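>>> Would you be able to build a 3D model of this:
(one chain, ligands or ions: 1)
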Amino acid sequence: MALIHCLNCGRLMLEKPGYLCNDCLKRQQEDIKNIKAYLARNPRATLIEVQRETGVSLQTIRAMFSDPGLKK
Ligand SMILES: [Zn+2]
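Residues are numbered from 1 along each chain as shown. I've put the predicted structure just below:
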């Protein structure tokens, strides 16, 4: 176990997959829900459109799509 900084808010925490602290993880899960809802309505939307419409950062969106566990 190593100590790392949360990717989003910089808080020090134990290393874990996703590199986000519990607070940011919770927020990310909300964001993911919003993104999925948006993509369900707009299946051909681009990353930029998703970012603009959901207000989620590109970094979060990219992380979401690069994590196989989140892609359901
Ligand atoms: Zn955080």
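
>>> Is any residue of the helix ranked longest in the chain near the ion?
Ranked by number of residues, the top helix in the chain under DSSP state H is helix 22-41. Yes. Interface with the ion: helix 22-41 contributes residue 24 (C-beta under 5 Å from the ion). C-beta here means a position set from N, CA and C on the backbone, and glycine is covered the same way.

>>> In contact with the residue in the chain sticking out farthest from the centre, which residues?
Ranked by distance from the centre of the chain (C-alpha atoms, centre = their mean), the top residue is residue 1, with 22.8 Å. By C-beta atoms under 8 Å, 6 or more residues apart in numbering, the contact list for residue 1 reads 14-15.

>>> Looks to me like residue 16 is in a helix.
No. Residue 16: not assigned to a helix; according to DSSP: H, G, I helix; E, B strand; the rest coil it is coil.

>>> Could you check the pLDDT of it?
Per-residue pLDDT puts residue 16 at 83.

>>> I'd like the distance between it and residue 38.
As judged by C-beta to C-beta, to the nearest Å, residue 16 and residue 38 stand 27 Å apart.
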